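Visitor: sequence unknown, structure follows:
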């Protein structure tokens, strides 16, 4: 694809006219990428990123610096058509693949390999599932990537998309949890099926795998994890640097180039994503630590937030879903180190610890870092997925109510900071956002070594 007109694609992706419904973009984009295969499109996207440091989908969605103002955003109906054109080959592949698996499910011939492939594919789609909660106005808050696959699936099958996925999942053989390393080298990872964050999971995970650790992902109900799509699309730090120079926080939107899913070793990612099982399968005797991957979906199905009351929607109650609550209760009893970042630390506010016969909050008196209140700003810039944009609660308030020592200003000033603490032999390490993931590698290894007397 060396002869592909990258500059022309950039003009179409980033260019705006006075008409946010300007449909000439549709023809222009179709002429450029409409006939490309999935493999060809991947090469084009990589070339685009090499030139502009940003994935073209970010530019279409008006997610890059200088695109924050509402007049620069495309009409939602036009945008979804453009995203459908840009991602057509992948959408067609996904729909065909789901159809093939549905046939195998009905024949009773699904294999464990089928399960691994399916569980590694769905996260790469993005937010593939129906939102965990619906806004009171009952508007459609499905992600764009889900809407596009619903649209394509509806043309190919009379079975509902969600019904097809659940039928497939019910037909898989039970996954085997294979842990060939010693206990302290095994780490349980909790991730959301409604929106984990790519860098928060993968940046840390690749480092831990390179260090010789075995990772096992657990989701609340045993479904595949989901990934915020924006977090998988490259938006290299130079664009973050521009944001900071303009007085805007570098919010970690998008993936750094080193974490481009199109360039990372696919076999490693397949092994990581494809082994996810339900939290009810967790056995604390097999693991040396727990990692809470965070992401906007974390407070949808892992540690679920809701308004304090009908009269107080500015503050939140938080409750761990049943299997997660049991999993973490066992982890605390075994004094497994817990490492968390972004929204992940909110689960710590749900946990109790028993010390000398007295039960109290795990984070009482412990310094904890968590995501600063950036969601309102990101929402105002049009960069928050619609299913997350009608509510927001401050992570620091939730933790402070549980007795944690929090400092939102410190976390905002240094999004790479790691804060640590110990409660009765249980080591904690926390960070405020995706930028912390790399630093949490050493913090994780340190906590594990301290807990299991390896230093």
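Guide: Sure, I can see it. All values reported here derive from a predicted model rather than from experimental measurement.
Visitor: wait, residue 396 touches residue 370, no?
Guide: Yes. Counting by C-beta atoms under 8 Å, residue 370 is a contact partner of residue 396 at 5.8 Å. Just so you know, the C-beta spots here come from the backbone N, C-alpha and C atoms, and that holds for glycine as well.
Visitor: between the two, which one's more packed in?
Guide: Each of residue 396 and residue 370 has its neighbours counted (other C-beta atoms under 10 Å); residue 370 has more, 31 against 23.
Visitor: quick check: closest non-adjacent residue to the spatially most central residue of the chain.
Guide: In the chain, the residue lying closest to the centroid (C-alpha atoms, centre = their mean) is residue 196, at 2.0 Å. With sequence-adjacent residues excluded and distances taken as C-beta to C-beta, 6 or more residues apart in numbering, residue 196 is closest to residue 295, at 3.9 Å.
Visitor: next, count neighbours for the one you found.
Guide: Neighbours around residue 295, by other C-beta under 10 Å: 30.
Visitor: now the common contact residues for residue 396 and residue 370.
Guide: Shared contacts of residue 396 and residue 370, defined by C-beta atoms under 8 Å, 6 or more residues apart in numbering, are found at 406, 411.
Visitor: quick check: buried residues in stretch 403-421?
Guide: By neighbour count on 16 or more other C-beta atoms under 10 Å, the buried set for stretch 403-421 is 404, 406, 408, 411-412, 415, 417-421.
Visitor: could you measure from residue 22 over to residue 5?
Guide: Taking C-beta to C-beta, to the nearest Å as the measure, residue 22 falls 20 Å from residue 5.
Visitor: which residues of the stretch 201-350 of the chain fall in strands?
Guide: Ranges of strands in the stretch 201-350 of the chain, per DSSP state E, counting those that start in this stretch, are 214-219, 277-278, 289-292, 303-309, 312-320, 338-341.
Visitor: contacts for the shortest one, please.
Guide: The reference is to strand 277-278. Contacts made with strand 277-278 from outside it, assessed by C-beta under 8 Å, 6+ apart, are listed as 175, 177, 216-222, 323.
Visitor: if we use 7 Å, what do you get?
Guide: Strand 277-278 has contacts (C-beta atoms under 7 Å, 6 or more residues apart in numbering) with 175, 177, 218-219, 221-222, 323.
Visitor: could you do stretch 82-89 as well?
Guide: Residues from elsewhere that reach stretch 82-89 (C-beta under 7 Å, 6+ apart): 25-26, 29-30, 33-34, 36-38, 41, 56-57, 60, 91, 144, 148.
Visitor: for it, which residues meet the burial criterion?
Guide: Neighbour-count burial for stretch 82-89, counted by 16+ other C-beta under 10 Å, picks out 82-89.
Visitor: ditto for stretch 332-339
Guide: Residues of stretch 332-339 classed as buried by neighbour count (16+ other C-beta under 10 Å): 332, 335-339.
Visitor: ok, stretch 281-293 next?
Guide: For stretch 281-293, burial by neighbour count (16+ other C-beta under 10 Å) applies to 282, 284, 287-293.
Visitor: looking at it, residue 227 is touching residue 198, isn't it?
Guide: Yes. Assessed by C-beta atoms under 7 Å, residue 227 is found in contact with residue 198 at 5.3 Å.
Visitor: how far is the longest helix seen in the chain from where the chain is centred?
Guide: When the chain is parsed with DSSP state H, its longest helix is helix 88-107. Centroid separation between helix 88-107 and its chain, computed with C-alpha atoms, centre = their mean, to the nearest Å, is 23 Å.
Visitor: ok, now which ones touch residue 418?
Guide: By C-beta under 7 Å, 6+ apart, residue 418 lies in contact with 429, 431, 436, 439-440, 443.
Visitor: can you map out the helices along the stretch 201-350 of the chain?
Guide: Applying DSSP state H, counting those that start in this stretch to the stretch 201-350 of the chain gives helices spanning 229-232, 237-245, 266-273, 298-301, 322-333.
Visitor: next: the stretch 1-150 of the chain.
Guide: Counting by DSSP H, counting those that start in this stretch, the helices of the stretch 1-150 of the chain are 6-14, 24-33, 38-52, 56-60, 76-86, 88-107, 112-125, 144-156.
Visitor: ok, which of those helices comes nearest residue 357?
Guide: Smallest distance to residue 357 across these (C-beta to C-beta): 42.2 Å, for helix 112-125.
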